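S.K.: Sequence below, structure please.
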Amino acid sequence: MKESKSAATIRRRMKRGGLFGSFFINKHTVPLQDPFESDEGSESLRSNCSTDEVPEFGPKVLQGILSSEKKLLWSLVVLRILNALVIQTSFVPDEFWQSTEVAHNMVFGYGYLTWEWKNGIRSYLYPLIFAVYFKFLAVFHMDSRFLVVKGPHLMQGIFAALGDLYTYRLSVRLSGVKVAHWTLFCQLSSWFIFYTSSRTLTNSTEQVLTSLALYYYPWPEKPKKSLWKYLVLASLSVIIRPTAAVVWFPLFIWHLFCWRQMIWKVIRYSVTRGIIVLLASCVIDRIFYGEWTNVHYNFLHFNVLSGLSGMYGTHPWHWYLTQGLPVVLGTHMLILLVALKKSKEPIFLGTIVWSIVVYSFLSHKEFRFLSGTLPLIMHVCGSTLYALFDSASHEKDDTSAGAKQRGRCSHTAKVSVIVILLVFNIPVALYFGLVHQRGTIDVMFYLYKETKKEPPNDAIMSVLFLMPCHSTPYYSYIHRNISMYFLTCEPNLKSSSDDYLDEADQFYEDPDVWLKQRYDSGPRSNSSSPTEQLPTHIVMFDELYLRIPLWLRQHNFHFCDQFFHSHFPEGRSSGSVVVACRSPSPLLKSNRSS
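M.R.: Purely as a prediction, here's the structure:
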């Protein structure tokens, strides 16, 4: 009888303590599962999604999709492919310049490599994914511009669908199918995930790898999964995006704490798997850099130790709290705030808070840096919505009139929340995906069409981009080897001089002076351009076009086309992108006609 009471006490404490409850149980009372064994073999896709646990609301089509994970996966793939095709705008330069532009150079032999690649700060592992795809197109002579431009986005969309599925599976594993339905809804209704998931950003892939690794993570008191998969996937996320280590640090420490009886065995096992992934990455970088390069240390040194990342913009310490999270989460931010008070997911909330605190110490901050925390946030939001609207509705023993009234109110509140989330997120997602910052994408298609004109323009065509550096995609979006030049913005890695100005800064200080020095006064000793000939096309924002009309007229440039860019321009950008074309001289015209 005494033993029975003790066991009941332990169960009650575990229930009250949530995830942390299992920490304080004596190891002789509740034996730990061996983390090196897996019961994955007995699991099927259908086991996590039984037909008797489909949503109690929604169209029958939706209920059918959620009746099995196989149907769900294919539905998510279709959704994310459509998502990738809908996106017609630019977000940040890295989605082109650190992925497809590098892959284009690797396969086709032309494509601009930014200063990061010349100084060994980036790993070739991520661009290699798209290089393999480009190589396939090249071998079979299928490298049309459409497939070169859209293919990587479609690939990233399929990756995103896998991330959606494993975020759902994570919730199923931790909290059951009912919670997972809410988690999936939060994931699919997020405007930011829609906006970024199909972009060729390391952050988007980091988010997917984090979802997969969290699913295989050895959660206490949960069915065992493959430990090596968790370690390899987490290591890959850190290799592709080193700052992902911030998210994984507390989770790995917690992992060691949970299995402290065999801590050295876990450490040895983890380190060997991590080293294997690191060595594979180093070999890939050795092949493409031509020498052994420690890109991960170089990345850490530039962005954290030296603080040089601040040259791309600095923000106050509270930026993630006051701007970053509210913008990224939108209406989901309200759910997260409720979760801080009511959620029973302390390790998730702790990891989210830890990550935001650490990121806040870095001077350079961006919305996309929060991508690695989104799988955690979506699960927390899903479990919170379930606790608010569904948990009480399953108390079937209470058939009183008051209980029925509460059930009706709960259903009304549930539908209201769903409608509010959709009404806010769908228009925002479509606006940012179809409208905001699309001019820099549209102008590249215009330039591609210019190269196709008769007589073939690509032999004589040259383009000058007078814009903030990396404003547009480059060769990977034209797929024609024409002469192009843009204003560079490389950091001063050789000295710590405060008065250093990159080329873009020098230009914007006095555009007329810069243009006259470059094109009217002969070659300059400090010019990095291979030629000082006037370009055939100049691409610029409309604000600059209005500042240099005299120089344009003097050099026979005229207005060619204009493309809407943004209703909310910031910095040196403006509302639209303008293309100015140079009229050929009479002598050149006569030579062409002859």
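S.K.: Can you list the low-confidence ranges for this structure?
M.R.: Where the chain drops to pLDDT under 70, the residues are 1-59, 61, 307, 309-310, 391-409, 454-458, 495-497, 521-531, 585-594.
S.K.: Can you get me a residue count around Y133?
M.R.: 19 (other Cβ atoms under 10 Å). Placement of C-beta: from N, CA and C, glycine included.
S.K.: Shouldn't it be within a helix?
M.R.: Yes: when DSSP: H, G, I helix; E, B strand; the rest coil is applied, Y133 is found to be in a helix.
S.K.: Find the nearest non-adjacent residue to it, please.
M.R.: Excluding the flanking residues, the one nearest Y133 by Cβ to Cβ, 6 or more residues apart in numbering is G151, at 5.8 Å.
S.K.: could you say which helix or strand contains that neighbour?
M.R.: Assigned by DSSP states H and E, G151 belongs to helix 145-175.
S.K.: Run through the neighbouring helices and strands of that helix.
M.R.: The contact analysis (3 or more Cβ pairs under 8 Å, 6 or more residues apart in numbering; DSSP states H and E) places helix 145-175 against helix 69-86, helix 125-139, helix 177-189, helix 202-216, helix 374-389, helix 475-478.
S.K.: Look up the closest residue to I335, ignoring the ones flanking it.
M.R.: Nearest one to I335, counting by Cβ to Cβ, 6+ apart, is C381 at 4.4 Å.
S.K.: Contacts only, for that neighbour.
M.R.: Neighbouring residues of C381 by Cβ atoms under 8 Å, 6 or more residues apart in numbering: 182-183, 186, 332, 335-336, 339.
S.K.: again, only this time at 7 Å
M.R.: 186, 332, 335-336, 339 (Cβ atoms under 7 Å, 6 or more residues apart in numbering).
S.K.: Most neighbours out of these, which is it?
M.R.: C186 (29 neighbours).
S.K.: Report the separation between that one and Y320.
M.R.: 20 Å (Cβ to Cβ, to the nearest Å).
S.K.: go on, R438?
M.R.: For R438, the distance to Y320 equals 27 Å [Cβ to Cβ].
S.K.: swap in V78?
M.R.: 34 Å.
S.K.: Could I get the full set of strands for the protein?
M.R.: 462-466, 483-486, 537-541, 557-564, 576-582 (DSSP state E).
S.K.: Report how many residues lie close to R286.
M.R.: For R286, the count of nearby residues is 13 (other Cβ under 10 Å).
S.K.: please renumber so the chain begins at 19
M.R.: OK, 19 is where the count begins now, so the last one is R304.
S.K.: residues in contact with stretch 91-99?
M.R.: 83, 172, 175-176, 178-179, 182-183, 215-216.
S.K.: what separates the residue lying closest to V356 once chain neighbours are set aside from L533, distance-wise?
M.R.: Among residues not flanking V356 along the chain, T402 sits closest, at 5.6 Å (Cβ to Cβ, 6+ apart). The spacing between T402 and L533, counted by Cβ to Cβ, is 57 Å.
S.K.: how about stretch 192-212: buried residues?
M.R.: The neighbour-count check on stretch 192-212 (16 or more other Cβ atoms under 10 Å) flags 192-193, 195-212 as buried.
S.K.: where's the residue nearest the centre of the chain relative to A262, distance?
M.R.: The residue lying closest to the centre of the chain (Cα atoms, centre = their mean) is S222, at 2.6 Å. According to Cβ to Cβ, S222 and A262 sit 12 Å apart.
S.K.: Tell me where the stretch 369-518 of the chain has helices.
M.R.: Along the stretch 369-518 of the chain, counting by DSSP state H, counting those that start in this stretch, helices occupy 392-407, 419-452, 457-469, 493-496.
S.K.: make that the stretch 19-168 of the chain, sorry
M.R.: Counting by DSSP H, counting those that start in this stretch, the helices of the stretch 19-168 of the chain are 20-35, 78-83, 87-104, 112-113, 119-126, 133-136, 143-157, 163-193.
S.K.: count of neighbours near A102?
M.R.: Residues within reach of A102, counting by other Cβ under 10 Å, total 21.
S.K.: Repeat that for Y315.
M.R.: By the criterion of other Cβ under 10 Å, Y315 has 13 neighbours.
S.K.: now P445
M.R.: Per other Cβ under 10 Å, the neighbour tally for P445 reads 11.
S.K.: go on, I395?
M.R.: Residue crowding around I395 was assessed by other Cβ under 10 Å; the count is 25.
S.K.: what sits against it?
M.R.: I395 makes contacts with 347, 354, 370, as judged by Cβ under 7 Å, 6+ apart.
S.K.: That one and I370: what is the separation?
M.R.: 6 Å.
S.K.: What of F463?
M.R.: 40 Å.
S.K.: cool, R386 as well?
M.R.: Distance check for R386 against I370: by Cβ to Cβ, it reads 16 Å.
S.K.: Same check on V322?
M.R.: 21 Å.
S.K.: of those two, who's got more company?
M.R.: More neighbours surround I370 than the other of V322 and I370, with 23 against 15 (other Cβ under 10 Å).
S.K.: Is the more buried one in contact with P393, as I believe?
M.R.: No: using Cβ atoms under 7 Å, I370 is not in contact with P393, being 10.3 Å away.
S.K.: Against G348, how distant is Y404?
M.R.: 20 Å.
S.K.: can you check L219 too?
M.R.: Per Cβ to Cβ, L219 is found 19 Å from G348.
S.K.: More neighbours: these two, which one.
M.R.: A count of neighbours by other Cβ under 10 Å puts L219 above the other of L219 and G348, at 23 against 18.
S.K.: ok, and the closest non-adjacent residue to the more buried one?
M.R.: Among residues not flanking L219 along the chain, E113 sits closest, at 4.9 Å (Cβ to Cβ, 6+ apart).
S.K.: May I ask you to confirm that that neighbour is in contact with S216?
M.R.: No: using Cβ under 7 Å, E113 is not in contact with S216; the gap is 10.0 Å.
S.K.: Widest-spaced pair of the contacts of stretch 91-99?
M.R.: Taking Cβ to Cβ as the measure, those span a maximum distance of 21.0 Å, between I83 and L172.
S.K.: Compare neighbour counts for these two and give me the winner.
M.R.: Legend: neighbour count by other Cβ under 10 Å for I83 and L172, higher for I83 (20 against 17).
S.K.: ok so, going back, buried residues, the helix holding G169. List them.
M.R.: Within helix 163-193, the residues scored as buried using 16+ other Cβ under 10 Å are 163, 165-167, 169-193.
S.K.: likewise stretch 432-442?
M.R.: 432, 435-436, 439.
S.K.: that older thread, so which of the contacts of C399 are in helices?
M.R.: 204, 350, 353-354, 357 (DSSP state H).
S.K.: Just put those residues in TSV and tack on distance to G127.
M.R.: Shown next, in TSV, are these (distance: Cβ to Cβ, whole Å):
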residue	distance to G127
C204	44
H350	44
I353	49
L354	47
A357	51
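S.K.: before we move on, the earlier item: which stretch among the helices of the stretch 19-168 of the chain comes nearest C300?
M.R.: Taking these one by one with Cβ to Cβ, helix 143-157 is closest: 9.8 Å.
S.K.: Centre of the chain to the closest one, how far?
M.R.: Centroid separation between helix 143-157 and its chain, computed with Cα atoms, centre = their mean, to the nearest Å, is 19 Å.
S.K.: Show me what it is packed up against.
M.R.: helix 119-126, helix 163-193, helix 245-258, helix 281-307 (3 or more Cβ pairs under 7 Å, 6 or more residues apart in numbering; DSSP states H and E).
S.K.: if we look at it, which residues are touching it?
M.R.: Helix 143-157 is contacted from outside by 117-118, 120-122, 124-126, 161, 165-166, 169-170, 173, 218, 220, 223, 257-258, 299, 302, using Cβ under 7 Å, 6+ apart.
S.K.: Could I have the buried ones of those as ChimeraX selection syntax?
M.R.: To isolate the buried subset of those in ChimeraX, counting by 16+ other Cβ under 10 Å, use the following:
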select :117,118,120,121,122,124,125,126,161,165,166,169,170,173,218,220,223,257,258,299,302
